[in-house]
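Chemist: with the input below, show me the fold.
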Amino acid sequence: MPSEKVCLVGTMTRFKETIMHSETKLIGVRFKPGGFSAFNKFSSLPEITDKTIEYEEGFSFDLKKIALDHVTYFNQFFFDKLKKPNYFLLQVIQTIQIHRGQIKVEVLASKHCTTVRQLEHSFKQHIGISPKQLINLIRYQNAMTAFQKRKPKESLLSIAIDYGYYDHAHLTNEFKRYNGAVPTFS
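Modeler: Numbers count the residues shown, from 1 in each chain. Below you'll find the predicted structure:
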């Protein structure tokens, strides 16, 4: 009889390789930054950053219903668990995304009429990482997208500079950290 587990993966700030058996069936739900706390109060998010834990509290899925219509099932499941979203945090994250991860934490706090310390506390509580870590992650995601959509003769250095990295080596290190591999031109 197959074992059914619900796992919670913390915010990932670096590459992690996971090996699964060939008979493993996996269903995943990915939350945007701060999204998980709109459905479940989990006080230890910072403790599971870059980790995977078995999680039973509040999440037990009906696999038969998922097999019939997973979209409808998950929509209803999460709608029933929805709590009041943290609109302040969502606005802060949106500001980071608008700036493509090229904003200082101090400027971010000032734009949202708060202190750096309060911002850090809110991020740790609802996302599990600091504002600076999320800023770096979003900056990397934007740089990676630019790399994937680059023009034929566009260099890694020009992408690095456009996205606030010191040089191409700095960007290459970020690729390796988040992706597990260095960027390759094909």
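Chemist: please spell out the segments of the chain that come in under the pLDDT threshold.
Modeler: 1-3, 42-43, 56-59, 186 (pLDDT under 70).
Chemist: show me it divided up by domain.
Modeler: 7-81, 87-179 (automatic domain parsing).
Chemist: tell me which of those domains sits most buried.
Modeler: domain 87-179 (a mean of 16; mean count of other Cβ atoms under 10 Å). No exception for glycine: its C-beta is placed from N, CA and C like everyone else's.
Chemist: export the domains of the chain to a markdown table and tack on distance to Phe185?
Modeler: Formatted as a markdown table, those follow (distance: least, Cβ to Cβ, whole Å):
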| stretch | distance to Phe185 |
| --- | --- |
| domain 7-81 | 20 |
| domain 87-179 | 8 |
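Chemist: please, which helix or strand holds Arg14?
Modeler: Mapping Arg14 onto the secondary structure by DSSP states H and E places it in no helix or strand at all.
Chemist: hey, C-alpha coordinates of the top helix by length along the chain in CSV?
Modeler: Taking DSSP state H as the assignment, the helix of the chain that covers the most residues is helix 131-148. Taking C-alpha atoms only, helix 131-148 is exported to CSV below (Å, rounded to 0.1, in the frame of the first residue of the first chain):
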residue,chain,number,x,y,z
PRO,A,131,13.4,41.1,2.6
LYS,A,132,16.9,41.2,1.3
GLN,A,133,16.8,37.5,0.4
LEU,A,134,13.5,38.0,-1.5
ILE,A,135,14.9,41.0,-3.3
ASN,A,136,17.9,39.0,-4.4
LEU,A,137,15.8,36.1,-5.5
ILE,A,138,13.5,38.3,-7.5
ARG,A,139,16.4,40.1,-9.1
TYR,A,140,17.9,36.7,-10.0
GLN,A,141,14.6,35.6,-11.5
ASN,A,142,14.4,38.7,-13.7
ALA,A,143,18.1,38.3,-14.8
MET,A,144,17.4,34.6,-15.6
THR,A,145,14.4,35.6,-17.7
ALA,A,146,16.5,38.2,-19.5
PHE,A,147,19.2,35.6,-20.1
GLN,A,148,16.7,33.2,-21.6
